[in-house]
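**Student:** what shape does this take:
(chains A and B)
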2 protein chains.
Amino acid sequence: MSVYYMNGAFRPLEEVSLPLTDLVIQRGVGVFESVKIIGRKVLAITAHMKRLEESALGAGIKIGGTGVIDEITRALREGSLRDDCPGGGECAVAKAYITGGDAIDRGFFTAPRFFVIFSQMDPIFPEGCENGVALQPTAERRPYPLVKSINYLFGLMQTAGLDDMLECLYCPDGYATETLRSSFFVVLGGRLVTAPEGTVLKGVTRDIVIELAKADGIAVEERRPEVSEFALAEEAFITNSLYGVIPVIRIGGTAIGNGKPGPVSARLLELYDANIEKWLDR
Amino acid sequence: MSVYYMNGAFRPLEEVSLPLTDLVIQRGVGVFESVKIIGRKVLAITAHMKRLEESALGAGIKIGGTGVIDEITRALREGSLRDDCPGGGECAVAKAYITGGDAIDRGFFTAPRFFVIFSQMDPIFPEGCENGVALQPTAERRPYPLVKSINYLFGLMQTAGLDDMLECLYCPDGYATETLRSSFFVVLGGRLVTAPEGTVLKGVTRDIVIELAKADGIAVEERRPEVSEFALAEEAFITNSLYGVIPVIRIGGTAIGNGKPGPVSARLLELYDANIEKWLDR
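**Tutor:** From the prediction side, this is the model:
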């Protein structure tokens, strides 16, 4: 069961819909954030709301002075405290969207709509976190990585029918950048290597993990790993707001390390779980 | 005023909406076609419906055996004959969409929705057809050109705030391919030069114009024009289903030819208008 916030109130699914005139339907004009709710608190809410605002700005969706971000922030907090919050508010995901609405003025979207969907976490996936996952490499890239838009179709197409692949790994020009929904790291000579900001979506969990790694004495090198380095890597992992740190054991046909989750990923997930409280409702 | 066909009937706007669960809203999973209605007949309906079917297939939207294409085809014909067809059915645009729906199975979208929107043609734009238009070049490219998806956001962003630019011209790696909504041609030494199929969306009007040009003794070379050739071109033009042939007089800061619509574009538009009847309801 999901819970929906739209037009100033929490509503059932039957009351929340978009008219066919909205440009998110006709032309893919929409940006969003997925945030995690843990123990009735929202994880890293400030960083997510900042990125949502920047995505809207980058996409030309005019929300300046409208209070949209404040209202979404309030809805996230209120939704996590409600009796009907999925997972009893202990563990849930909230997706906040801002759409292009119906109006274009000189290429800008001047009458946006917005809504939030609260859902249960996928109960099957944690196995992947334990056993590691496989990624499908693609020469495609994520266009405009600083705008987290809803345009996921071409990324989803990369793994259609590939049951064993969690998601695609964008590797334009022979360099690994990020996956469809996560930041990407390899471990080389004990150091973390990950694409620098600007070439990839500004990952909220990416930043947390880098902070935790450095404090733990693990060096971090911000450059795009070469595809040719996959075979040399001791480990690889991805990070995202919903699952934290997820070990990667295979990329395409290439096994990573010994093909099993490694100690660095395990250490970072341990640090992440131990420290996550610091980022709740912050 | 617009007219909407959805769920088996023509309906007013208040009755046509999509639930927030549809993947076209959450993840940009949708394909579409824009077709022109002239004199209560649909222009090049077979070619458009074939492309819509191929787009759905390419995007992993499962419509095989569902009769969706047949129903959309019937709706287009029926809508063009209705009393409330915009423009009295003499001149209108119909946009047919197929969305991802709510269900993903192994990366395929197994419960699509579909609808058609009938609208008036923009009454302001024909001036652009007469006086010529300017295009904004971008190093971006249209991903997956054989899938006409709704993912237009990054293309729209290229011309936000640029009042004088009709739309962007994708020029990846120094080669011109197509614009956001149209096929692109330059005239070089009296020959038409345009990107080959497969590198660009299979343009319905592109194919008609190439057929008419060849029959008129105008040579057509199918290769991507180099950006460096813009300054050498006698003329440039774009083609699309709604406006036929539109002269291009400037690309970024580069004037094309003498900066005015030229005789080849004019001849092709003349041929197009004179022969368009052959493609009505065909």
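
**Student:** hang on, residue A:243 packs against residue A:129?
**Tutor:** Yes - using CB atoms under 8 Å, residue A:243 is in contact with residue A:129, at 5.5 Å. Where C-beta positions appear, they are placed from N, C-alpha and C, glycine not excepted.

**Student:** quick one, which of the two is more surrounded?
**Tutor:** More crowded of residue A:243 and residue A:129, by other CB atoms under 10 Å in any protein chain shown: residue A:243, with 21 against 17.

**Student:** list the contacts of that one.
**Tutor:** A:125, A:126, A:129 (CB atoms under 8 Å, 6 or more residues apart in numbering or on different chains).

**Student:** now distance to chain B, pLDDT and secondary structure too, for those residues, in JSON lines please.
**Tutor:** Output for the contacts of residue A:243, formatted as JSON lines (distance: CB to the nearest CB, whole Å; pLDDT from 0 to 100; DSSP: H, G, I helix; E, B strand; the rest coil):
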{"residue": "A:125", "distance to chain B": "14", "pLDDT": "83", "secondary structure": "coil"}
{"residue": "A:126", "distance to chain B": "19", "pLDDT": "82", "secondary structure": "helix"}
{"residue": "A:129", "distance to chain B": "20", "pLDDT": "85", "secondary structure": "helix"}
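
**Student:** quick one, domains of chain A?
**Tutor:** Domain assignment for chain A by automatic domain parsing gives A:3-120, A:133-279.

**Student:** with mean pLDDT and distance to residue B:80 added, can I get the ones you listed in CSV?
**Tutor:** Converted to CSV, these look like this (pLDDT from 0 to 100; distance: least, CB to CB, whole Å):
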stretch, mean pLDDT, distance to residue B:80
domain A:3-120, 96, 19
domain A:133-279, 96, 30
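
**Student:** turn the ones you listed into a markdown table, including distance to residue B:14.
**Tutor:** Below are the domains of chain A laid out as a markdown table (distance: least, CB to CB, whole Å):
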| stretch | distance to residue B:14 |
| --- | --- |
| domain A:3-120 | 8 |
| domain A:133-279 | 25 |
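
**Student:** so which of the contacts of residue A:243 is the closest to residue B:7?
**Tutor:** When those are compared for distance to residue B:7 (CB to CB), residue A:125 wins out at 33.9 Å.

**Student:** once you drop chain neighbours, what's closest to that closest one?
**Tutor:** Leaving aside its sequence neighbours, residue A:125 sits nearest to residue A:243 (CB to CB, 6 or more residues apart in numbering or on different chains; 6.8 Å).

**Student:** same question, residue A:64
**Tutor:** residue A:57 (7.8 Å).

**Student:** helix/strand/coil for that neighbour?
**Tutor:** helix (DSSP: H, G, I helix; E, B strand; the rest coil).

**Student:** what's the neighbour count on it?
**Tutor:** 15.

**Student:** try the one 10 residues further on
**Tutor:** Using other CB under 10 Å, residue A:67 is surrounded by 10 other residues.

**Student:** cool, the one 4 residues further on as well?
**Tutor:** Residue A:71 has 14 neighbouring residues, counting by other CB under 10 Å.

**Student:** and residue A:207, by the same measure?
**Tutor:** 16.

**Student:** try residue A:22
**Tutor:** 22.

**Student:** pull the contacting residues for the spatially closest residue to it that is not a sequence neighbour.
**Tutor:** The spatially closest residue to residue A:22, leaving aside those adjacent along the chain, is residue A:99, at 5.4 Å (CB to CB, 6+ apart). By CB under 8 Å, 6+ apart, the contact set of residue A:99 is A:18, A:22, A:23, A:24, A:29, A:30, A:61, A:112, A:113, A:114, B:25.

**Student:** for residue A:47, what are its contacts?
**Tutor:** A:204, A:207.

**Student:** how about the secondary structure of it?
**Tutor:** Relying on three-state DSSP, one would call residue A:47 helix.

**Student:** now the strands for the stretch 1-150 of chain A?
**Tutor:** A:3-6, A:9-11, A:17-19, A:30-38, A:41-42, A:91-99, A:104-105, A:108-109, A:113-120, A:133-138 (DSSP state E, counting those that start in this stretch).
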